[in-house]
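S.K.: After the sequence you'll find the predicted model.
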Amino acid sequence: MKADPLVAVARLSGMIATGGRPGVLNDSTLAPMLERAFRRGKPAAVVLVINSPGGSPTQSSLIAARIRRLSEERKVPVYAFVEDVAASGGYWLATAADEIWVDSNSIVGSIGVISASFGFNEFLGKHGIERRVYTAGKSKSMLDPFQPEKAADVKRIKALQEQIHATFIDQVKARRGSKLPEGKDLFTGDIWVGAQAVEVGLADGVGHLVPKMKERFGEKVRFVPYSQKRPLFQRVGFGVAGTVLDGIEERAGFARFGL
């Protein structure tokens, strides 16, 4: 007897960053979940439920590349459904899908690169603290927050950002192709909401997971959810301080988009 179509639903929610911190998205921690989603039960499709303000461009690229590789190897289509936000690296993840669907209130875009830090050199001087740094290589202490900002350092970091931005733009163009309107600059870091994202070609439509998948695969479609496994220490209550700090960082990431 022919089984009802199965759709694997993989949740990608949180900041994108390196390391094994709880609630953080990166290629290493997502790999087992994505492998299961694509390989178990011969799914008719894999759905990505995305809610991320972005983060590491490298991890965004690695995750998206893994999704595309699995999709092509298994010959399984991928659909992305955006919840609150798929911005910056979060949108990079969405471009791994064959179609991107949003809610009327979803925030999409922010195709740019940002880096931020603090400068403490004046604070140290006021408190009689002297910063001593010894390097081999004139650029080794670039952007040291305890030294005055240097024009050469700023020029260098902007050059690095331009390279990453160009890679991000190439990813969007390669995946969205002819869906992007001609003559409109979508790569300024601006954001769009709901139907606006559809109008500029960054999404395919306003729609929700269950009704859209039933429309594609029939009323009897089955959904199998997949999510990251929580680390043992988090499950038994250890690492509270780290979890609090991670929560603050994530909250700040979402707050950039008014969420």
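M.R.: That came through fine. Numbering: from 1, shown residues only.
S.K.: Excluding chain neighbours, what is closest to Gly218?
M.R.: Nearest residue to Gly218, sequence neighbours excluded (CB to CB, 6 or more residues apart in numbering): Pro5, at 6.3 Å. Where C-beta positions appear, they are placed from N, C-alpha and C, glycine not excepted.
S.K.: Enumerate every residue touching the one you found.
M.R.: Applying CB atoms under 8 Å, 6 or more residues apart in numbering, we find Pro5 in contact with Ala44, Phe217, Gly218, Lys220, Val221, Arg222.
S.K.: Buried only: go through those residues for me.
M.R.: Ala44, Phe217, Val221 (16 or more other CB atoms under 10 Å).
S.K.: how much space is there between the second one and Trp101?
M.R.: With distances taken as CB to CB, to the nearest Å, Phe217 is found 15 Å from Trp101.
S.K.: again, but for Gln59
M.R.: Applying CB to CB to Gln59 and Trp101 gives a distance of 23 Å.
S.K.: For these two, work out which one has more neighbours and name it.
M.R.: The neighbour comparison of Gln59 against Trp101 (other CB atoms under 10 Å) goes to Gln59, with 24 against 21.
S.K.: how about the helix or strand containing Ala80 as PDB, C-alpha atoms only?
M.R.: In this assignment (DSSP states H and E), Ala80 forms part of strand 78-87. Taking Å, rounded to 0.1, in the frame of the first residue of the first chain, the C-alpha atoms of strand 78-87 are listed here in PDB:
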ATOM      1  CA  VAL A  78      13.100  22.300   0.200                       C
ATOM      2  CA  TYR A  79      10.600  24.900   1.400                       C
ATOM      3  CA  ALA A  80      11.300  27.700   3.800                       C
ATOM      4  CA  PHE A  81       8.600  29.200   6.100                       C
ATOM      5  CA  VAL A  82       9.700  32.400   7.900                       C
ATOM      6  CA  GLU A  83       8.200  33.100  11.300                       C
ATOM      7  CA  ASP A  84       9.100  36.500  12.900                       C
ATOM      8  CA  VAL A  85      12.400  37.200  11.000                       C
ATOM      9  CA  ALA A  86      14.800  35.800   8.500                       C
ATOM     10  CA  ALA A  87      17.300  38.600   8.300                       C
END
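S.K.: Show me the contact partners of the next helix or strand along the chain from it.
M.R.: Downstream of strand 78-87, the first helix or strand assigned by DSSP H and E is helix 89-94. If you take CB under 8 Å, 6+ apart as the criterion, helix 89-94 is touched by 12, 16, 25, 48, 50-57, 59-61, 63-64, 67, 80, 82, 86, 100, 108-111, 168, 171-172, 202.
S.K.: where in this protein is pLDDT low?
M.R.: Scanning the chain for pLDDT under 70 picks out 1, 20, 22, 117, 230-253, 256, 258-259.
S.K.: those strands in it, which residues are they?
M.R.: Counting by DSSP state E, the chain has strands at residues 6-13, 45-52, 78-87, 99-102, 107-109, 191-193, 205-206, 222-226.
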